[in-house]
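Asker: Build me a model from this:
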Amino acid sequence: PIPGLDGGHVVFTLWEMITGKPASQKVLEYAQMVGVIFLLSLMVLIFGNDIVKLILDKF
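Answerer: Now for the predicted structure:
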């Protein structure tokens, strides 16, 4: 599950159910930041791949 999406909330809810206490706000913020960076990196990689294919197919 990616924290930038709803799957991250499921992980933290399960953590709270198992340990009986919620994760700290700092951990939640860090996980959210990592998830967003992962998604943005994936988006840049995919767009870059599409642009390279578009350019190479013309030659």
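Asker: Leaving aside the residues adjacent along the chain, what's closest to residue 28?
Answerer: residue 12 (6.6 Å; C-beta to C-beta, 6 or more residues apart in numbering). Using the backbone N, CA and C atoms, a C-beta is placed for each residue, glycine as well.
Asker: and the one you found, what element?
Answerer: Secondary-structure assignment from DSSP states H and E places residue 12 in helix 6-19.
Asker: now swap in residue 22 and tell me
Answerer: With DSSP H and E as the test, residue 22 turns up in no helix or strand.
Asker: Okay, residue 48 and residue 54: tell me how far apart.
Answerer: With the distance defined as C-beta to C-beta, to the nearest Å, residue 48 ends up 11 Å from residue 54.
Asker: rewinding a little: the residue nearest to residue 28: what's it in contact with?
Answerer: Residue 12 makes contact with 22-23, 28, 31, according to C-beta atoms under 8 Å, 6 or more residues apart in numbering.
Asker: And it, what's its pLDDT?
Answerer: Residue 12 carries a pLDDT value of 90.
Asker: same question, residue 4
Answerer: Looking at residue 4, its pLDDT stands at 66.
Asker: same check, this time on residue 34
Answerer: Per-residue confidence (pLDDT) for residue 34: 90.
Asker: With residue 16 instead?
Answerer: pLDDT, read off for residue 16, is 95.
Asker: what number of residues lie near it?
Answerer: Neighbours of residue 16 under the rule other C-beta atoms under 10 Å: 12.
Asker: Tell me how far the lengthiest helix in the chain lies from the chain's centre.
Answerer: Looking across the chain with DSSP state H, the single longest helix is helix 25-58. Put simply, helix 25-58 sits 9 Å off its chain's centre (C-alpha atoms, centre = their mean, to the nearest Å).
Asker: From the contact counts, what lies against it?
Answerer: helix 6-19 (3 or more C-beta pairs under 8 Å, 6 or more residues apart in numbering; DSSP states H and E).
Asker: Tell me how far stretch 18-32 lies from the chain's centre.
Answerer: 16 Å.
Asker: swap that for stretch 13-25, please
Answerer: With C-alpha atoms, centre = their mean as the basis, the mean position of stretch 13-25 lies at 20 Å from the chain mean.
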